[in-house]
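A.B. asks: sequence and predicted structure, then a few things I'm wondering about:
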Amino acid sequence: MSGDKQEPPAPLPHLPAVRETETPQETPSSLRQSSRCRRSCEMAWSWASLLAAAAVVALPLLVQWYQDVRRMAKVAASIPGPPTLPVVGNFLNISRSRLQRSFQRMVSQYGTLFRLWFGPLLAVWVVDAEDVEAVLSSPACAHKPRIMYRLIEPILGRGLLVLNGAEHRRHRKSILPSLHREVIQQFQPLMQGVAMELVDNLRPKADSGEVFDVVQLCSVAAIDSAFRTILNASGELFGPELRREVVEHVDTLSSVLMYRAVRPWYHWDWLFSWDSHYAAYQRVNELYDGLILDVMNHKMGGDGKSTGTPPRGRKAFLDHVLASEGGRQFTREELYGELKTMLAASFVTSMDSLSIHFLVLSIMPDVQDRIHQELDDVLGADRPLEEGDVEHLEYLDRFVKEVMRYFPTFPAFGRRCLRDLRLPSGHTLPAGCFVALSPLASHHNPKYYPEPARFDPDRFLPAAVAARPASAFMPFSAGPRNCIGGRYAMTFLKTQLACVLRRYAVLPDPDGPRDVSRIRMKMGVTYYPRDGARIRLRARAPHGASAG
Ligand code: HEM
């Protein structure tokens, strides 16, 4: 027997041979059940193992997170703030529809440094200029919080505004030379061309007595200026139809972003895609994407390589970037992200800021008289504006700064503190907290601006400026993440105002506010007049005069 090869056992006669793959119809029910049971057990076992593995990985992270939150609470214990409720923290202390009022109440109740808990997230508001300076100049607080800025990324692009760390430093270093003082001076004639179109567009309104909202004409000016100076896009690439659509959608940017920002459940992309605002959001995106990609293809060739063709006429920002050492290192996606950021960051802010300037002028006739006087003194009656002229308009400069103090275009922005930071006020910002900086609150701090509700451009006389800490005025933020387009914005605003005010006097809406402190503002991503900027115009010089 020992040498015999054993035959495999024959299938039992009363059962058909069953293979795993056989169809259930061919399987008797007892066996089917046991096979199902085995499979369920195997699945349950795999899930249990998976969960156990996840727990092994997550538990230390959870413990670490819990310890971090406890530590944050301990370090922040001395920072004043409203009492917190379990789980929700201070969510109920903030009214979604009255954001500005909620924060004003906090400042008056808790002073220039206070904290709010949103669940396990800690946000500290820093208002006093010396503390603000410490935050904005510290590398510990140069980080943009993903939770806030990821919402703007699809619309504003993956550019400087949202980048962090080494990537941000590399991009900023590559871009800065393309917005250098001399480059901005070269943009001035382009901005002046835009301003003269604004003067022409305003002509039918002059002396008609009509009250009109100047916001839309300001958006046209801001958008034209941005597309010409940043992309060099005009004519074929940026025709009237496309321009009209961009102007129509520009409001969507700010309103949809804010709508989404204050509804935490819509931070989840999938859920937001079911909301009625999603279509508008998508359309804005498609519009900018199409336009920027067209310009990039035109300038660089479809393969993403620069054609090296020198642009005709003056160079735009994009031409400067493409010609620079750092700019040439950008991948196509990186360049695309930066262009999208530049466009959106420039025209939304410039448009809102220009509109509020006209509204303030309409109710401040004394201030306007002084600007008219300066324009006549510096430029004479009929000489066109020249490069560098706006830098000699000192009163206009003070006026623009006072408007920016009173109505900063960005009412607030945020940072994430990566390490503990001790502030001059003696408090310590704990690692992991969010830091909220508010130009709106800081610019109305009576410590640096006595009677903050009084509008007075002479607050920006050199001696008064020298007596305040630099960060008492921060419409463009400060430090290594300050606004890269601050000089651009100032040149744009002063050029538009100088050209328009040489031709017109701005008059108030008889039914509108009569005092700057009565202007009703709305707080979105930007800070803008709730009822638009309704004004009237009177001509100052014969129509058709050549002066710009
Ligand atoms: C009135 C006009 C403007 C105001 C009030 C303004 C204000 C600001 C503020 C407060 C920040 C800091 C935001 C933050 O930290 O989250 C910022 C950043 C930025 N701004 Fe502006 N801005 C204006 C115009 C412009 C223009 C014209 C451009 C482009 C040409 C521009 C491009 C940028 C960019 C790229 C950043 C991000 C900088 C970085 O993080 O390195 N801005 N701006």
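C.D. replies: Ah, there it is.
A.B. asks: tell me the contacts of residue 323?
C.D. replies: residue 315 (CB atoms under 8 Å, 6 or more residues apart in numbering). Every C-beta, even on glycine, is put in place using the N, C-alpha and C of the backbone.
A.B. asks: how near is it to the ligand?
C.D. replies: The gap separating residue 323 from the ligand is 18 Å, by CB to the nearest ligand atom, to the nearest Å.
A.B. asks: strands of the chain, start to end?
C.D. replies: All strands of the chain, identified by DSSP state E, fall at 113-118, 121-126, 212-213, 413-416, 421-422, 428-429, 434-437, 504-508, 521-523, 527-529, 534-539.
A.B. asks: distance between the first one and the chain's centre?
C.D. replies: Think strand 113-118. 22 Å (CA atoms, centre = their mean, to the nearest Å).
A.B. asks: same thing with stretch 176-191?
C.D. replies: 22 Å.
A.B. asks: identify the residue spatially nearest to residue 430, adjacent ones excluded.
C.D. replies: Once flanking residues are discounted, residue 430 sits nearest to residue 75: 3.6 Å by CB to CB, 6 or more residues apart in numbering.
A.B. asks: look up how far the ligand lies from that neighbour.
C.D. replies: 24 Å.
A.B. asks: check contacts around the residue lying closest to residue 139 once chain neighbours are set aside.
C.D. replies: The spatial neighbour of residue 139 that comes closest, neighbours along the chain excluded (CB to CB, 6+ apart), is residue 480 at 7.5 Å. Applying CB under 8 Å, 6+ apart, we find residue 480 in contact with 137, 139, 142, 172.
A.B. asks: in this protein, what residue comes closest to the ligand?
C.D. replies: The nearest approach of the chain to the ligand comes at residue 485, 2.2 Å away (CB to the nearest ligand atom).
A.B. asks: tally of neighbours for that residue?
C.D. replies: Residue 485: 23 surrounding residues under other CB atoms under 10 Å.
A.B. asks: most widely separated two among the contacts of residue 480?
C.D. replies: 137 and 172 (15.3 Å; CB to CB).
A.B. asks: quick check: the closest residue in space to residue 109 that isn't next to it in sequence vs residue 116, distance?
C.D. replies: Spatial nearest neighbour of residue 109, excluding adjacent residues (CB to CB, 6+ apart): residue 82 at 7.7 Å. The spacing between residue 82 and residue 116, counted by CB to CB, to the nearest Å, is 7 Å.
A.B. asks: just residue 350 next, same as before
C.D. replies: 32 Å.
A.B. asks: now do residue 36
C.D. replies: Residue 36 is 54 Å from residue 116, by CB to CB.
A.B. asks: tell me how far the helix with the most length in the chain lies from the chain's centre.
C.D. replies: Criterion DSSP state H: the longest helix present in the chain is helix 29-75. Relative to its parent chain, helix 29-75 has a centroid offset of 40 Å by CA atoms, centre = their mean.
A.B. asks: tell me the mean pLDDT for that helix?
C.D. replies: Taken as a whole, helix 29-75 carries a mean pLDDT of 79.
A.B. asks: got it, and stretch 239-256?
C.D. replies: Averaged across stretch 239-256, the pLDDT comes to 75.
A.B. asks: contact partners of that stretch?
C.D. replies: 155, 216, 219-220, 223-224, 277, 280-281, 283-284, 287, 291, 344, 347-348, 351-352, 524-526, 528.
A.B. asks: from the middle of its chain, how far away would that stretch be?
C.D. replies: For stretch 239-256 - counting by CA atoms, centre = their mean - the centre lies 17 Å from the chain centre.
A.B. asks: quick one, what contacts the closest residue to residue 73 other than its chain neighbours?
C.D. replies: Using CB to CB, 6+ apart and skipping residues adjacent in sequence, the residue nearest residue 73 is residue 122, 7.3 Å away. Counting by CB under 8 Å, 6+ apart, residue 122 touches 72, 73, 76, 115, 116, 430, 432, 433, 434.
A.B. asks: okay, and the beta partners of residue 122?
C.D. replies: residue 117 (DSSP bridges).
A.B. asks: which pLDDT value goes with it?
C.D. replies: Note on residue 122: pLDDT of 94.
A.B. asks: how many neighbours does the closest residue to residue 488 other than its chain neighbours have?
C.D. replies: The shortest distance from residue 488 to any non-neighbouring residue, by CB to CB, 6+ apart, is to residue 184 (5.5 Å). Residue 184: 20 surrounding residues under other CB under 10 Å.
A.B. asks: ok, residue 184 - contacts?
C.D. replies: Residue 184 sits in contact with 487, 488, 491, where contact means CB under 8 Å, 6+ apart.
A.B. asks: do residue 492 as well
C.D. replies: 191, 222, 225, 350, 354.
A.B. asks: let's go with 6 Å and repeat that
C.D. replies: Residue 492 sits next to 191, 225, 350 when contact means CB atoms under 6 Å, 6 or more residues apart in numbering.
A.B. asks: thinking again about what came up before, looking at the contacts of residue 122, which has the most residues close by?
C.D. replies: Highest count within the contacts of residue 122 by other CB under 10 Å belongs to residue 115, 28 neighbours.
A.B. asks: got the residues of the chain near the ligand?
C.D. replies: Neighbours of the ligand within the chain, by CB under 6 Å from any ligand atom: 160-161, 172, 341-342, 345-346, 349-350, 353, 409-410, 413, 475-477, 481, 483-485, 488-489.
A.B. asks: which members of these occur in helices, if any?
C.D. replies: Using DSSP H, the residues of the chain next to the ligand in helices are 172, 341, 342, 345, 346, 349, 350, 353, 488, 489.
A.B. asks: I'd assumed residue 130 was in contact with residue 424.
C.D. replies: Yes: Residue 424 is in contact with residue 130 according to CB atoms under 6 Å; the separation is 4.4 Å.
A.B. asks: returning to that earlier point: neighbours of the residue nearest to residue 109, just the number please.
C.D. replies: 18.
A.B. asks: for residue 74, see how far away it is.
C.D. replies: On the measure of CB to CB, residue 82 and residue 74 end up 19 Å apart.
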